[in-house]
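Visitor: Below: sequence and its predicted model.
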Amino acid sequence: MTVLVLMDESDASRQALTLARKFGDPRSVRMDAIEPFAPDALAAALAQAADELNASAVFAAGTDRGNEVMARLAARTGLPFAANCISATPGEPVSVTRLRWGGSLLEEARLHSPRPLISVAPHTVPEDTGPRPQDVDMKPPAEADLVVRVVDHVSPRNGGVSLAEAKVIVSGGRGVGSKEGFAIIEDLAGLLGAAVGCSRAVTSAGWRPHSDQVGQTGTKVAPDVYIACGISGATQHMAGLKGAKRILAINSDPQAPLMLNADYTVTGDLKEIVPAISAEIRKRR
């Protein structure tokens, strides 16, 4: 059997491929085969390729773009779509486990479909180490499928370091105190070559743009180190950190949820601690 996978160069796509191999021999439709990004055109390409290959299932990474294309594929084909899965077992019906409520709940479900459409929650399964799937040839997209497309890009801050790709993130919460208070966060991030993140409370206050927000309604990240400064750690914020390898939390409240879930903690005033860390880094250089 053949299984179809929507692929790009991300870790999340290689993780989706891990589950896809359980359903058959994978073939891929490239996300960048249609530029600029046009979700309807990619959904049309997936539908056509799935029919031509008689694909047993269609998989994609559970990223913003992956889920958008798969949702449009589901609407186009009338097939059910299981999003943000962490496991999937072939069968009739297919058994899936899905993340719900920002990862605070797991849902066991059965997917009744002649061709399951499944997206895989990023950073929840190991990356595939097998050979790269063969790409499927695609026909030029119809003009009607290019109506919705990307027309512009906004460059990320911090010299091009984006939250989704950053190896180190320095993030600030309500405890930073103000828009101006992020100067010390930006200073530390600059020294570490890190991206600057923030909590939802910060974007709601207008201190930082939504593009800097980490969490369930922001960006889901997977850095080597996540430094949280003045962030209490609401469930929605923690949902965005599941892929972080190490978390360092700085907070005046030792019982804050993020402090209780971090690998390393510093209790105290971040306005003193963060500049002290920056000063020590400069000293050692």
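Guide: Here it is on my side, so go on. Residues are numbered from 1 along each chain as shown.
Visitor: Who are the packing partners of the helix or strand harbouring Ile247?
Guide: Per DSSP states H and E: Ile247 is located in strand 246-251. Packing partners of strand 246-251 (3 or more Cβ pairs under 8 Å, 6 or more residues apart in numbering; DSSP states H and E): strand 225-229, helix 257-261, strand 264-267, helix 270-284. Where you see a C-beta, it was placed from the backbone N, CA and C, and this is true even at glycine.
Visitor: who does it pair up with?
Guide: Its sheet considered, strand 246-251 pairs with strand 225-229 (parallel), strand 264-267 (parallel) by DSSP bridges.
Visitor: now, of those strands, which is deepest in the fold?
Guide: Across these, the average number of neighbours (mean count of other Cβ atoms under 10 Å) peaks for strand 225-229, which reaches a mean of 26.
Visitor: Mean confidence (pLDDT) on that strand, please.
Guide: For strand 225-229, the mean pLDDT works out to 97.
Visitor: Just the mean pLDDT for the following helix or strand past that strand, thanks.
Guide: For strand 225-229, the following helix or strand on the C-terminal side (DSSP H and E) is helix 235-238. What helix 235-238 shows for mean pLDDT is 86.
Visitor: what does stretch 271-284 give?
Guide: Stretch 271-284 comes out at a mean pLDDT of 95.
Visitor: Show me which positions of that stretch end up buried.
Guide: For stretch 271-284, burial by neighbour count (16 or more other Cβ atoms under 10 Å) applies to Lys271, Ile273, Val274, Ile277, Ser278.
Visitor: any chance of those residues in TSV, with distance to Glu143 too?
Guide: Below are those laid out as TSV (distance: Cβ to Cβ, whole Å):
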residue	distance to Glu143
Lys271	55
Ile273	56
Val274	52
Ile277	54
Ser278	53
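Visitor: ok, those vs Val148, which is closest?
Guide: Nearest to Val148 among these: Val274, at 41.9 Å, using Cβ to Cβ.
Visitor: just checking, the closest one touches Ala183?
Guide: No: assessed by Cβ atoms under 8 Å, Val274 is found out of contact with Ala183, at 9.9 Å.
Visitor: before we move on, the earlier item: including distance to Gly78, could the strands paired with strand 246-251 go into CSV?
Guide: Output for those, formatted as CSV (distance: least, Cβ to Cβ, whole Å):
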stretch, distance to Gly78
strand 225-229, 41
strand 264-267, 50
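Visitor: looking at those, which is closest to Val170?
Guide: Among the strands paired with strand 246-251, strand 225-229 comes nearest to Val170, with 4.6 Å by Cβ to Cβ.
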